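Participant: using only what follows, build the 3D model:
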Amino acid sequence: MTDRETTIRIAEQMDEFWNERNLALAEEFIAEEFVGHMIGDDDLHGRDEYTAWAEGVAAMFPDFELEFEPMFVEDELLCGQWTLTGTHEGLLPDLGIEPTGKEVEFSGLFIDRLADGRVVEMWHQIDYLTLMQQLGAISE
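Facilitator: Next up is the predicted model:
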């Protein structure tokens, strides 16, 4: 079981990693043996792929901000909803959508499993429907 202080530390590090683009923090809260289950995409394996994923998000939405709310803790699980706001300025490679310059706001869910003070496994879901509607790729 992961103690509450450790879980709070990890949540704070996640926020700084994503919102302040402090990618070096991955060393602190992502386990080397990390596996990220990305619904509809290939899984992420290891800290380097997690960091590369964050770099990819920043390339698509350079001014993005993430809000993690609400977040829940239960034993070794940290889970919640995130909302991304930003401007679409880079290619969305998985969807084949060229930059639109449109401002977007969409959400997703995550479940992180913790062990030894780090995230070892993640399940991640994005609301692609809302994103594609806001980009004009499909009608509302």
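Participant: and the longest strand along the chain, which strands flank it?
Facilitator: If you go by DSSP state E, the chain has its longest strand at strand 103-115. Applying DSSP bridges, strand 103-115 is found paired with strand 77-87 (antiparallel), strand 118-126 (antiparallel).
Participant: list the buried residues of the first one.
Facilitator: Of the residues in strand 77-87, 78-82, 84, 86-87 count as buried by neighbour count, 16 or more other Cβ atoms under 10 Å. For every residue, glycine as well, the C-beta is placed using N, CA and C.
Participant: and if you look at the last one?
Facilitator: Across strand 118-126, burial judged by 16+ other Cβ under 10 Å covers 118-122, 124, 126.
Participant: now do stretch 60-74
Facilitator: Within stretch 60-74, the residues that qualify as buried are 60-61, 64, 66, 68, 71, 73, counting by 16+ other Cβ under 10 Å.
Participant: before we move on, back to that, which two among the buried residues of strand 118-126 are spaced furthest apart?
Facilitator: 118 and 126 (23.2 Å; Cβ to Cβ).
Participant: what is the neighbour count of the closest residue to residue 140 other than its chain neighbours?
Facilitator: Leaving out its chain neighbours, the residue that sits closest to residue 140 by Cβ to Cβ, 6 or more residues apart in numbering is residue 133, at 4.8 Å. Neighbour count of residue 133, defined by other Cβ atoms under 10 Å: 15.
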